[in-house]
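Colleague: how would this look folded up:
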Amino acid sequence: MDESILTFTEALASAAPAPGGGGAAALMGALAASLGAMASRLSAGRKGDAERSARLNGDAESCEALRLRFLEQIAADEAAFLPLAAAYKLPKDEPERAETLRAASLGACGAALEMLRLCGKTAALLAALRRDTNPLLLSDVGCAAAACRAALLCAALNVYVNTKPYPADPEAVGLNALTESMLREHLPVLEDLELQILMDLRNEET
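Modeller: Down below sits the predicted model:
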């Protein structure tokens, strides 16, 4: 087993507050993009339509870029959590504690919002792959869609947990609205893709 995977999951399972759900969301997104890249590369290697192969090679490059961006969010999410952890440790009679805590809480949403954007880009690529990929790789594309949907939902949860204490705060309201917008746009795409591939593999009509 790769030592980095072992180390990361050990850290995730520990009593340390970070990495946590945000890091797990980023890893799931990276797995989705990785599966997309694999399916693209293997499908592009088949003989036949040169235009299709070129399109798949382009999809593989895009998935690879997304994989790296998702992995960057593991560290970004952990770094964003540090000011929040420090804010919680401030004495409760500290005059600036409430504002410091608010700013740190809302600032901690940054990595999760980036993950939501990356999930949207990954979802679009996976939807295209369903049409172009080798039929033998459809299960991998379906697994990628399921991982991407999980990453999307987990990223959204990591926004909401930080905005929840500030329901009337304009910045928090804006962050929630942006999150809701991305969920409405990307979640149905991924759910539909999973169902389509499931039916494809079961030889059933959607």
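
Colleague: just the C-alphas of stretch 122-136, formatted as CSV.
Modeller: Extracted in CSV, the C-alpha atoms of stretch 122-136 (Å, rounded to 0.1, in the frame of the first residue of the first chain):
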residue,chain,number,x,y,z
THR,A,122,-15.4,16.8,-13.1
ALA,A,123,-19.1,16.1,-13.5
ALA,A,124,-19.2,17.6,-17.0
LEU,A,125,-16.2,15.5,-18.1
LEU,A,126,-17.7,12.3,-16.7
ALA,A,127,-20.9,13.0,-18.5
ALA,A,128,-19.0,13.3,-21.8
LEU,A,129,-17.1,10.1,-21.0
ARG,A,130,-20.2,8.1,-20.7
ARG,A,131,-20.7,8.7,-24.5
ASP,A,132,-17.1,8.2,-25.6
THR,A,133,-15.5,5.6,-23.3
ASN,A,134,-14.9,2.0,-24.0
PRO,A,135,-18.1,0.1,-22.8
LEU,A,136,-15.8,-2.1,-20.6
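
Colleague: report the mean confidence score over that stretch.
Modeller: Confidence over stretch 122-136 (mean pLDDT, whole number) is 94.

Colleague: wait, doesn't Ala156 sit right on Ser181?
Modeller: No. Counting by Cβ atoms under 8 Å, Ala156 stays clear of Ser181, with 10.8 Å between them. To be clear about C-beta, it is placed using only N, CA and C from the backbone, and glycine gets the same treatment.

Colleague: more neighbours: those two, which one.
Modeller: Comparing Ala156 with Ser181 by other Cβ atoms under 10 Å, the one with more neighbours is Ala156, at 23 against 11.

Colleague: run a quick neighbour tally on Pro170.
Modeller: 8.

Colleague: which residues of the protein fall in helices?
Modeller: 3-13, 21-44, 50-88, 97-107, 110-132, 138-163, 170-201 (DSSP state H).

Colleague: what are the phi and psi values for the residue located most distally from the centre of the chain?
Modeller: Centroid-distance maximum for the chain: Asp93 at 37.9 Å, with Cα atoms, centre = their mean. Dihedral pair for Asp93: phi -90, psi 10, per degrees, to the nearest 10.
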